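>>> sequence isn't available, so here's the structure alone:
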């Protein structure tokens, strides 16, 4: 009788402590919180002449033959979630386009190395617009979700993940 009462008392105290761990930083599910929206700074870029090669050399032609991604940033980033998985995390971003029909949607890294800058790992949500005019449609028909898996090594030194669109950006912080 004493042992069962002791076991019952210990388990009830242990279950009461679960509420504390649920909201603490010890829980891996809380490592990246909810995302927040931020304004995007529009940078004036100088026009680039496509007829002037940016690279030259013996193997420049081979690199030029590789397919390039022609995606454009989404109009607005609606949501951003970072979900912990064994061995890393999955970034899931939902964007809203200005028209229907966007395809080949990707989360492309802001820099080629895909390394964090001052603890911030930045991506752009991009998609390819169709050649023909498409209807505008409702907001639900213009929303598209893209995801990207990161390993624990990729997340080393990352304090926040930022996904940018044309008009706004969303940030999820640890």
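Yep, it's here. All of these numbers come straight from a predicted model, not from anything done at the bench.

>>> so where is the protein shaky, pLDDT-wise?
Across the chain, the ranges flagged by pLDDT under 70 are 13-33, 42-46, 48, 50, 52-67.

>>> how about the strands in the chain?
Secondary structure of the chain (DSSP state E): strands located at 36-39, 72-73, 76-85, 88-96, 103-109, 120-128, 143-151, 160-164, 168-173.

>>> which residues does the longest one contact?
By that I understand strand 76-85. Residues outside strand 76-85 that contact it (Cβ atoms under 8 Å, 6 or more residues apart in numbering) are 28-29, 31-32, 35, 37, 89-96, 125, 143, 149, 161, 163-172. For glycine as for every other residue, the C-beta is placed from the backbone atoms N, C-alpha and C.

>>> go with 6 Å
With contact meaning Cβ atoms under 6 Å, 6 or more residues apart in numbering, strand 76-85 is reached by 28, 32, 35, 89-96, 125, 161, 163, 165, 167-168, 170, 172.

>>> which of those residues count as buried?
32, 35, 89, 91-96, 125, 161, 163, 165, 167-168, 170, 172 (16 or more other Cβ atoms under 10 Å).

>>> what's the distance between residue 104 and residue 72?
Per Cβ to Cβ, to the nearest Å, residue 104 is found 11 Å from residue 72.

>>> ok, now residue 3?
Separation of residue 3 from residue 72 (Cβ to Cβ) stands at 68 Å.
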